[in-house]
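Participant: missing the sequence, but the structure's below:
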């Protein structure tokens, strides 16, 4: 059965492509999941319609004019479209409601019209694509590096479900794509970064303020004065017995400057010991 449906779809597509070669376009039609879409035929009232046959992966519907100006008669030819199809009485446009994702595909309408005592058939082709209406995207951030009160942050924007044909843009920077790298400094704390997700039928946005970037992170602040660090270096002497192996020495002694005295440790070291200078 699946193979049979595939052959119908290929035959429909081939017919539409052949029609496209004879100045008939394939119209793109975008629909929203769960909502209604219209296939425009725009048949003029002066045209005498005999019948319209709709096909897609399967047969869809067969439409004939109503009696004495009544609404067209619709015969649903596949259960998938039961109670979901309506036809406009004025221009025979086909309406398909309660759209499903599986409704996407090629649709073909063979319109039979009486002209000059003969019946002519015109083929109209449509490419229906069904999309979800996008929900609010989410912005996540990861701290890459930080120095001198400036942090390099990567912002990633994503929608809840994996969707087709979704694009992203960022304002006020005008960047495209779902990833944005920001160099955040104290000078631009008033900025707000907004990510907008788009698909062919909808868009939605999320924002994050500059003040939220790097919030709660442990920024590594380095002094701009290269001599500042050297001024905090403390020198001290540690005495050990002579027979102690130098390779085994692993003594690290931090002595606050406030507790350092002016006593010359070289003069007070006991005999029989060696001195090692440890730089902290």
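Facilitator: That came through, no problem. For clarity, every value in this text was computed on a predicted model and none was experimentally measured.
Participant: Identify the residues contacting residue 139.
Facilitator: Contact analysis of residue 139 by C-beta atoms under 8 Å, 6 or more residues apart in numbering lists 155, 156, 157, 193, 195, 206, 207, 208. Heads up, the C-betas are built off the backbone N, CA and C, glycines and all.
Participant: ok, and the closest non-adjacent residue to the third one?
Facilitator: Nearest in space to residue 157, with sequence neighbours left out and distances taken as C-beta to C-beta, 6 or more residues apart in numbering, is residue 195 at 3.6 Å.
Participant: need the helices for the stretch 1-150 of the chain, in chain order.
Facilitator: Read by DSSP state H, counting those that start in this stretch, the stretch 1-150 of the chain holds these helices, from start to end of the chain: 2-20.
Participant: Quick check: which ranges of it have low pLDDT?
Facilitator: By pLDDT under 70, the low-scoring segments of the stretch 1-150 of the chain are 1-24.
Participant: In it, mark out all the strands, start to finish.
Facilitator: 26-32, 37-39, 48-55, 59-64, 73-76, 85-87, 94-96, 105-115, 118-131, 138-147, 150-158 (DSSP state E, counting those that start in this stretch).
Participant: Mind giving me the packing neighbours of the fourth one?
Facilitator: I take that to be strand 59-64. In terms of contacts (3 or more C-beta pairs under 8 Å, 6 or more residues apart in numbering; DSSP states H and E), strand 59-64 is packed against strand 48-55, strand 73-76, strand 85-87.
Participant: Tell me which of the ones you listed sits nearest to residue 116.
Facilitator: Set against residue 116 and scored by C-beta to C-beta, these come closest in strand 48-55, at 10.6 Å.
Participant: So which residues make contact with that closest one?
Facilitator: Residues outside strand 48-55 that contact it (C-beta under 8 Å, 6+ apart) are 8, 12, 41, 43, 59-65, 92, 94, 107-115, 119.
Participant: from the residues you listed, which would you call buried?
Facilitator: Applying 16 or more other C-beta atoms under 10 Å to those, the neighbour count classes 8, 12, 41, 43, 60-63, 65, 92, 94, 107-111, 113 as buried.
Participant: Neighbours of the closest residue in space to residue 132 that isn't next to it in sequence, how many?
Facilitator: Residue nearest to residue 132 in three dimensions, not counting chain neighbours: residue 33, with 4.8 Å by C-beta to C-beta, 6+ apart. Around residue 33 sit 14 other residues, with neighbours defined as other C-beta atoms under 10 Å.
Participant: before we move on, what about residue 126?
Facilitator: Neighbour count for residue 126, taken as other C-beta under 10 Å: 22.
Participant: do the same with the one 10 residues further on
Facilitator: Residue 136: 10 surrounding residues under other C-beta under 10 Å.
Participant: so who does it touch?
Facilitator: Taking C-beta under 8 Å, 6+ apart as the test, what residue 136 contacts is 204, 205, 206.
Participant: switch the cut-off to 6 Å
Facilitator: If you count contacts by C-beta atoms under 6 Å, 6 or more residues apart in numbering, residue 136 has them with 204, 206.
Participant: Next one: it from residue 212, what distance?
Facilitator: Taking C-beta to C-beta, to the nearest Å as the measure, residue 136 falls 17 Å from residue 212.
Participant: what does residue 96 give?
Facilitator: Counting by C-beta to C-beta, the gap from residue 96 to residue 212 is 44 Å.
Participant: which one of the two has more residues nearby?
Facilitator: residue 96 (25 against 15).
Participant: Spatially, what comes nearest to the more buried one if we skip its sequence neighbours?
Facilitator: Leaving aside its sequence neighbours, residue 96 is closest to residue 37 (5.5 Å, by C-beta to C-beta, 6+ apart).
Participant: Right, I'll leave it there.
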